[in-house]
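Engineer: sequence and predicted model, in that order:
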Amino acid sequence: MQSLNNILIKEIFSNLKPNQLFYNNGDCHTFNNQYVSSLRYSILNIALVSWKWFTSLSSLINHLEIRFSIDDTCEVEIYNMSRNYNRFKDQKTLELKQFSRTLCSKFSLLRASNISNLIIRDVYPWSKSFEPVLKTLYAGEQLKKVTVQAEIVLLQSFITKHPHKNRFQYCVVPTITNDLVYRDVLASIKYLSRPSNNIDWLETIYECTYETPMSTSIEILKEMEKLQPNTPTNYSISSSSMQSNDGSINVGRLNSIYKLELNRFHPLAIAEIIGGMPSLKILKISVTMCQQEGNKQYIEESKIFFDRLKANETIESFAIKEISGYKRSNQRPGIESFANQFGDLLAVNRSITKLKLDHFFHFNTMFFESLSTTNTLKRLQLTLFDHVMCDKLFAALQENNSIEDLCLSSVYNGLNEDLIERPLAKLIESNHNLNKVKARYIKMTGTYLLKSLKMDSNTLKHLFVCNDTGL
């Protein structure tokens with residue numbers, strides 16, 4: 001309990017800015033013009049200073065995610081939901097008995113009585129030793145919402161054994177894979193959809209695996225749409241599961257898909273798939289490039305894909321996470337012909353606000369011109385490959401008035417602080433739209449960045465720098 005409390009106190013104080021806190025009659029106040037020395041992160045010190053203060057800190061920890069393990073331990077993730085969605089600690093593994101005592105102790109910052117939002121991840125295999133902890137959490141005075149994320153065929157048994165009795169909002173996030181028995185999945189869908197169960201179906205996570213055809217998943221998704229027409233679906237598909245024997249693709253119309261992840265598809269196939277998903281908001285793809293350099297058919301298929309994207313009015317986030325089927329030495333022209341169409345996409349499309357393009361080492365002039373004038377793009381992630389790209393990118397970003405979140409990384413050692421850090425610092429000083437910048441694997445000394453952060457004109461709220469050679 002002591003170690004967990006100390007972690008939580010440090011994280012809470014980090015969010016509350018301890019040098020802006022002082023103690024007065026048992027309450028915590030803020031001020032701007034005085035200085036207070038750093039507070040000690042000791043549970044004893046906090047309790048002695050003010051028990052009311054300690055209790056107030058405890059009340060901040062009101063969101064808990066838990067995953068039970070068969071070895072009588074559990075993994076917990078703890079959040080503060082009072083103002084913003086702040087994660088205190090990624091994961092902490094605790095013994096169940098220790099965790100049970102922690103939840104009930106008045107000397108613990110993490111108390112079951114303060115939890116208002118509980119997420120339970122995975123419910124198999126289930127053990128009787130888990131029951132006391134779950135019973136304690138369910139009995140919490142502030143509990144308003146419980147969400148269970150697990151394989152869809154396991155939910156009925158879990159819910160039946162742990163009824164919520166309408167004490168709080170009960171939600172499910174079913175996960176489905178093609179290796180589940182079709183009739184069992186359908187039976188579970190019908191059970192979860194019964195109005196008498198009073199269950200909120202928040203989202204479906206469906207992974208269409210490599211080994212099985214996609215036809216089964218399409219049937220299940222369409223059945224779900226009949227019973228749960230307004231439930232969004234996160235759908236992941238691999239190319240080996242999509243194509244039929246004659247090589248055609250027939251997904252049809254799927255209204256529930258809001259997030260789509262496509263692994264190793266040709267551009268034409270992607271265009272055909274997204275055409276039948278009118279509610280799609282997030283698109284992540286890994287693209288398979290043509291093996292033949294300068295293939296006219298492939299270039300034409302790429303154009304069809306980008307035309308479909310340009311006309312789309314629902315996709316808000318677009319990411320290319322991988323490019324396969326090429327070697328840089330002999331396939332660069334194919335990639336360039338693909339990358340050259342992003343400029344036109346930015347100029348025409350008005351729905352995409354997040355763009356992640358980490359795998360392209362060449363963009364044409366139109367891309368940077370569109371980047372400088374777009375007023376819809378909010379988040380951009382790119383990898384810098386050479387000094388020419390750096391110069392064009394930072395020149396475009398200086399003119400841009402919409403990007404708020406910028407993430408840059410580098411794979412070229414020749415990009416020193418003069419090529420990246422200096423123009424990045426200048427960008428932070430002059431572009432008042434930026435509030436978050438992340439620089440990964442970029443050689444920096446920190447001299448220019450630190451200077452820009454001290455400028456009165458700086459409006460940046462978050463800066464993250466990660467490298468092995470400099471700052």
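Structural biologist: Structure's in. What do you need? Numbering: from 1, shown residues only.
Engineer: the stretch 251-400 of the chain: strands as residue ranges?
Structural biologist: With DSSP state E, counting those that start in this stretch as the criterion, the stretch 251-400 of the chain has strands at 257-265, 282-288, 317-324, 354-357, 379-384.
Engineer: quick one: the third one to strand 282-288, angle?
Structural biologist: With axes from the mean of the first three to the mean of the last three CA atoms, to 10 degrees applied, the angle from strand 317-324 to strand 282-288 works out at 20 degrees.
Engineer: buried set for strand 317-324?
Structural biologist: For strand 317-324, burial by neighbour count (16 or more other CB atoms under 10 Å) applies to 317-320, 323. The way it works is simple: take the backbone N, C-alpha and C, and place the C-beta from them, glycine included.
Engineer: partner strands of that strand, with direction?
Structural biologist: strand 282-288 (parallel), strand 354-357 (parallel) (DSSP bridges).
Engineer: which one of these is the most hemmed in?
Structural biologist: strand 282-288 (a mean of 20; mean count of other CB atoms under 10 Å).
Engineer: just how off-centre is that strand within its chain?
Structural biologist: Offset of strand 282-288 from its chain centre (CA atoms, centre = their mean, to the nearest Å): 16 Å.
Engineer: sorry, back to before: least reliable of the strands paired with strand 317-324 by average pLDDT, please.
Structural biologist: Ranked by mean pLDDT, the strands paired with strand 317-324 end with strand 282-288 at the bottom, a mean of 90.
Engineer: what's next to it, contact-wise?
Structural biologist: With CB atoms under 8 Å, 6 or more residues apart in numbering as the test, strand 282-288 has contacts from 239, 258-267, 270, 274, 315-325, 338.
Engineer: just want the angle from it to strand 257-265.
Structural biologist: Using the same axes, to 10 degrees: strand 282-288 against strand 257-265 is 10 degrees.
Engineer: the nearest residue to Arg440 once chain neighbours are set aside and Cys466: what is the separation?
Structural biologist: Leaving out its chain neighbours, the residue that sits closest to Arg440 by CB to CB, 6 or more residues apart in numbering is Ser409, at 4.0 Å. The gap separating Ser409 from Cys466 is 9 Å, by CB to CB, to the nearest Å.
Engineer: low-confidence regions, this structure specifically.
Structural biologist: 1-50, 79-91, 210-212, 239-250, 289-295, 325-334, 412-417, 457, 467-471 (pLDDT under 70).
Engineer: so the residue nearest to Arg440 bridges to which residues?
Structural biologist: Under the criterion used here (DSSP bridges), Ser409 is bridged to Thr383, Arg440.
Engineer: surely it and Phe385 touch.
Structural biologist: No - the criterion here is CB atoms under 8 Å, and Ser409 misses it with Phe385 at 10.2 Å.
Engineer: neighbours of Arg350, how many?
Structural biologist: As a burial measure, Arg350 scores 11 neighbours (other CB atoms under 10 Å).
Engineer: quick one, what contacts Leu397?
Structural biologist: So Leu397 contacts 371-372, 403, 406, 427, 431 (CB under 8 Å, 6+ apart).
Engineer: which of those sit farthest apart?
Structural biologist: Farthest-apart pair in those is Ser372 and Leu406; separation 13.9 Å (CB to CB).
Engineer: what about those two, which has more around it?
Structural biologist: Taking neighbours as other CB under 10 Å, Ser372 and Leu406 compare with Leu406 leading, 23 against 16.
Engineer: measure that one to Asp456 for me?
Structural biologist: For Leu406, the distance to Asp456 - CB to CB - is 21 Å.
Engineer: just to revisit the earlier point, want to throw the strands paired with strand 317-324 into CSV with distance to Asn198?
Structural biologist: Shown next, in CSV, are these (distance: least, CB to CB, whole Å):
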stretch, distance to Asn198
strand 282-288, 29
strand 354-357, 35
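Engineer: let me know which of those strands is the nearest to Thr209.
Structural biologist: Per CB to CB, nearest to Thr209 of the strands paired with strand 317-324: strand 282-288, 15.6 Å.
Engineer: where exactly do the helices run in the stretch 351-471 of the chain?
Structural biologist: 365-373, 387-399, 421-430, 447-453 (DSSP state H, counting those that start in this stretch).
Engineer: list the contacts of stretch 418-429.
Structural biologist: 384, 387, 390-391, 394, 397-398, 408, 410, 434, 437, 439, 442-449, 451-453, 455, 457-458, 460, 463.
Engineer: make a PyMOL selection of the buried ones in those residues.
Structural biologist: Provided next is the PyMOL selection string for whichever of those are buried by 16+ other CB under 10 Å:
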select buried, resi 384+390+394+397+408+410+434+437+439+442+443+444+448+449+452+458+460+463
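Engineer: quick check: next helix or strand after the strand or helix carrying Leu64?
Structural biologist: Leu64 belongs to strand 61-69 when assigned by DSSP states H and E. Later in the chain than strand 61-69, the nearest helix or strand by DSSP H and E is strand 73-80.
Engineer: CA atoms only: put that following strand into PDB for me.
Structural biologist: Provided in PDB are the C-alpha atoms of strand 73-80 (Å, rounded to 0.1, in the frame of the first residue of the first chain):
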ATOM      1  CA  THR A  73      -2.800 -11.200  -9.000                       C
ATOM      2  CA  CYS A  74      -4.400  -8.400 -10.900                       C
ATOM      3  CA  GLU A  75      -3.100  -5.700 -13.100                       C
ATOM      4  CA  VAL A  76      -4.600  -2.200 -12.400                       C
ATOM      5  CA  GLU A  77      -4.500   1.100 -14.200                       C
ATOM      6  CA  ILE A  78      -5.600   4.200 -12.400                       C
ATOM      7  CA  TYR A  79      -6.900   7.500 -13.700                       C
ATOM      8  CA  ASN A  80      -8.100  10.800 -12.600                       C
END
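Engineer: between that strand and strand 61-69, how big is the angle?
Structural biologist: Using the same axes, to 10 degrees: strand 73-80 against strand 61-69 is 160 degrees.
Engineer: what are the pairing partners of strand 73-80, and which direction each?
Structural biologist: strand 61-69 (antiparallel), strand 86-95 (antiparallel).
Engineer: residues of the shortest one that come out buried?
Structural biologist: Under the neighbour-count criterion of 16+ other CB under 10 Å, strand 61-69 has 61-68 buried.
Engineer: hmm, which two among the residues you listed are most spread apart?
Structural biologist: Asn62 and Phe68 (20.6 Å).
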